[in-house]
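[1] Model the structure of this input:
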Amino acid sequence: MKSFTNKVAAVTGAGSGIGRALALNLAQHGCNLSLSDVNEAGLQETCDMLANYPVKVTSTKLDVSDRAAVYAWADQTAADHGKINMIFNNAGVALSGTVGGLSLEDYEWIMNINFNGVLYGTKAFLPYLEKSGEGHIINTSSIFGLASQPLMSGYNASKFAVRGLTESLRQDLEISQSCVSCSCVHPGGIKTNIAKSARMDTSCKDVTGASNEEATQEFEKLFITTPDKAAKTILAGVRKNSRRILIGPDARMFDLLVRILPATYQKIFTAAVRFQSKKAGQSAKSA
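    You can find the predicted model right below:
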């Protein structure tokens, strides 16, 4: 897909962050939009920002973990726009805690949104993309889909699952000579609200000694890439039909580190998290 002009793109998580930036960048290229988010107020703000673009924009409040709702949104998008060329399965949440501390319900919650939401979006939109004659599926994983982190087992599991699904899907589409392709996106630290809205179990403080607020503030300092830059990188990757789209220098560093040190990287990350947690605790005491 070399051009987005007069195409139709569906975007989940469009009420903020990367999803909103994708919507704005696509509109600048003359792409019509079907937007969704569970946050209706944020979704409306995005739509308001698109008011002056000469493209058709529709919006739907959507919980991506609701399979029937995702399929209904795909059907409505096709009815509203006449065709669909792209689905950006971007919506996601974060979860922190030890494996021992997190409940099974915690794992079910994050897998339902981060993985099932991507699976539902892929399955619901794929027939419409094939019918359009030119389609692309863009699934958002994470750098945590490249390398595992301490205290992030639920998030890691969901993002590794997205990566596995998308990489296998790409091969399926190639074997069947489909007119649809797909890309897996691995953002590094993006300046969004995902850390502030994350679920954090008390086991994090038990292990690190830092409160959830202290840890969040410290790790947010590592978020170095803007949503707009992320969106531009993603769209460039779609044009190139890239299999894997790495966003930010931290994503490229993670990818290289895992290739060079496929097992030893775990020790490095454990030490880094301990250092950051200790730093957060010291900052809190001096405040």
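
[2] quick one: pLDDT of residue 275?
    pLDDT for residue 275: 76.

[3] residues contacting residue 238?
    In this structure, residue 238 makes contact with 1, 86, 136, 138, 183, judged by CB atoms under 8 Å, 6 or more residues apart in numbering. Backbone N, C-alpha and C define where each C-beta goes, glycine included.

[4] Got the phi and psi for it?
    As for residue 238, its main-chain torsions (degrees, to the nearest 10) stand at phi -60, psi -40.

[5] Tell me the gap between the helix or strand harbouring residue 25 and the middle of its chain.
    Residue 25 belongs to helix 17-28 when elements are defined using DSSP states H and E. Here helix 17-28 is found 13 Å from its chain centre; the criterion is CA atoms, centre = their mean, to the nearest Å.

[6] Which of the residues in that helix are classified as buried?
    For helix 17-28, the buried set under the neighbour-count rule, 16 or more other CB atoms under 10 Å, comprises 17, 18, 19, 20, 21, 22, 23, 24, 25, 26, 27.

[7] Save the residues you listed as TSV, and put in pLDDT and distance to residue 174 too.
    Formatted as TSV, the buried residues of helix 17-28 follow (pLDDT from 0 to 100; distance: CB to CB, whole Å):
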residue	pLDDT	distance to residue 174
17	94	31
18	96	26
19	97	27
20	97	32
21	97	29
22	98	25
23	98	29
24	98	31
25	98	27
26	98	25
27	98	30
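
[8] got the contact list for residue 10?
    For residue 10, the contacting residues are 33-36, 73-74, 77, 84, 86-88, 121, 125, by CB under 8 Å, 6+ apart.

[9] Just want to check the distance between the spatially closest residue to residue 83 that is not a sequence neighbour and residue 5.
    The shortest distance from residue 83 to any residue that is not its chain neighbour, by CB to CB, 6 or more residues apart in numbering, is 4.5 Å, and that residue is residue 132. With distances defined as CB to CB, to the nearest Å, the gap from residue 132 to residue 5 amounts to 14 Å.

[10] Those two: which has the busier surroundings?
    Relative neighbour count places residue 132 above the other of residue 132 and residue 5, with 18 against 10, counting by other CB atoms under 10 Å.

[11] What angle do helix 17-28 and the host helix or strand of residue 34 make with each other?
    If you go by DSSP H and E, residue 34 is part of strand 32-37. Taking axes from the mean of the first three to the mean of the last three CA atoms, to 10 degrees, strand 32-37 and helix 17-28 form an angle of 160 degrees between their directions.

[12] CA-only coordinates of whichever helix or strand comes after strand 32-37 in CSV, if you can.
    Sequence-wise, the next helix or strand beyond strand 32-37 is helix 40-49, with elements assigned using DSSP H and E. Output in CSV follows, covering the C-alpha atoms of helix 40-49 (Å, rounded to 0.1, in the frame of the first residue of the first chain):
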residue,chain,number,x,y,z
GLU,A,40,-15.9,8.1,24.6
ALA,A,41,-14.8,11.6,25.7
GLY,A,42,-11.3,11.1,24.3
LEU,A,43,-12.7,9.7,21.1
GLN,A,44,-14.9,12.8,20.6
GLU,A,45,-11.8,15.0,21.2
THR,A,46,-10.0,13.1,18.3
CYS,A,47,-13.0,13.6,16.1
ASP,A,48,-13.1,17.3,16.9
MET,A,49,-9.5,17.6,15.9
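
[13] Give me the angle between the lengthiest strand in the chain and helix 17-28.
    For the chain, the strand with the greatest residue count under DSSP state E is strand 180-187. Strand 180-187 runs at 130 degrees relative to helix 17-28, counting by the same axes, to 10 degrees.

[14] for the protein, where's the lowest mean pLDDT among helices and strands?
    Comparing helices and strands within the chain by mean pLDDT, DSSP states H and E singles out helix 212-220 as the least confident, with a mean of 54.

[15] where along the stretch 1-150 of the chain do the helices fall?
    In the stretch 1-150 of the chain, helices defined by DSSP state H, counting those that start in this stretch lie at 17-28, 40-49, 67-81, 104-110, 117-132, listed in chain order.
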